[in-house]
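**Q** Need a 3D model of the following:
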Amino acid sequence: MNRLLVLLLVAAAAALPLPSFAVELDGPLVCNETGHQFIADLMQQQLINPKPTHVESNSINAFALMPNVHLSAFGFHVFAVVGFEKDDPMFQVGDGEPVAQSAYGVVVFGSDDKVKSALENAGSTAIVHHVAPFITAIFCKRS
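**A** Presented below is the predicted three-dimensional model:
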């Protein structure tokens, strides 16, 4: 009887969805890393797809989150990760002038003002960039 119960529990557990990963990115977004470090770390942890979903003309590569991964930054839900490092094969190059030698960040759901306030309270030097209503980029770059 115990064996049957164990088999039933194992079968039930196998049918459940895998637990999702929830990771906070506040630490790296105080802008103390390079684009390579930031993106490579997320790839190594299998939090983002290693192939960019989009490359801007300024060479910013956008990466999608892996399934069942939940990232946050300063309390805001992250839905895309961006980065670039000059002369780094990890990144594709756009057809325009690169935004910087090294850059990285995230795109979050949140208003510009709320995101900017959260960054100031955390002491981050990241740039807040308006993308669309309630969609804001948090961006670090090195010249």
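
**Q** any weak-confidence spans in the chain?
**A** Counting by pLDDT under 70, the chain shows low-confidence ranges at 1-21.

**Q** got the residue ranges for the helices in it?
**A** Applying DSSP state H to the chain gives helices spanning 2-15, 35-44, 112-122.

**Q** what sits against the residue nearest to Glu33 when sequence neighbours are not counted?
**A** The spatial neighbour of Glu33 that comes closest, neighbours along the chain excluded (CB to CB, 6 or more residues apart in numbering), is Tyr104 at 7.0 Å. All C-beta spots, glycine's among them, are computed from the backbone N, C-alpha and C. Contacts for Tyr104 were tallied using CB atoms under 8 Å, 6 or more residues apart in numbering; they are 28, 33-35, 38-39, 81-84, 139-141.

**Q** Is it possible to get TSV of those residues that adds neighbour count?
**A** Formatted as TSV, the contacts of Tyr104 follow (neighbours: other CB atoms under 10 Å):
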residue	neighbour count
Pro28	20
Glu33	19
Thr34	18
Gly35	28
Phe38	25
Ile39	25
Val81	25
Val82	23
Gly83	30
Phe84	29
Phe139	21
Cys140	24
Lys141	18
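
**Q** partners of the residue nearest to Glu33 in the sheet?
**A** Beta-bridge partners recorded for Tyr104 (DSSP bridges): Gly83, Cys140.

**Q** In contact with the nearest residue to Asn61 once chain neighbours are set aside: list those residues for me.
**A** Leaving out its chain neighbours, the residue that sits closest to Asn61 by CB to CB, 6+ apart is Pro52, at 3.8 Å. Taking CB under 8 Å, 6+ apart as the criterion, Pro52 is in contact with 61-63, 91-92.

**Q** Same question for Met66.
**A** 46-49.

**Q** Equivalent analysis for Thr136, please.
**A** So Thr136 contacts 76, 107-108, 110-112, 115, 128-130 (CB under 8 Å, 6+ apart).

**Q** List buried residues within those residues.
**A** By neighbour count, with 16 or more other CB atoms under 10 Å, these hold 76, 107-108, 110, 112, 115, 128 as buried.

**Q** So the residue nearest to Glu33 versus Glu120, what's the distance?
**A** For Tyr104, the distance to Glu120 equals 20 Å [CB to CB, to the nearest Å].
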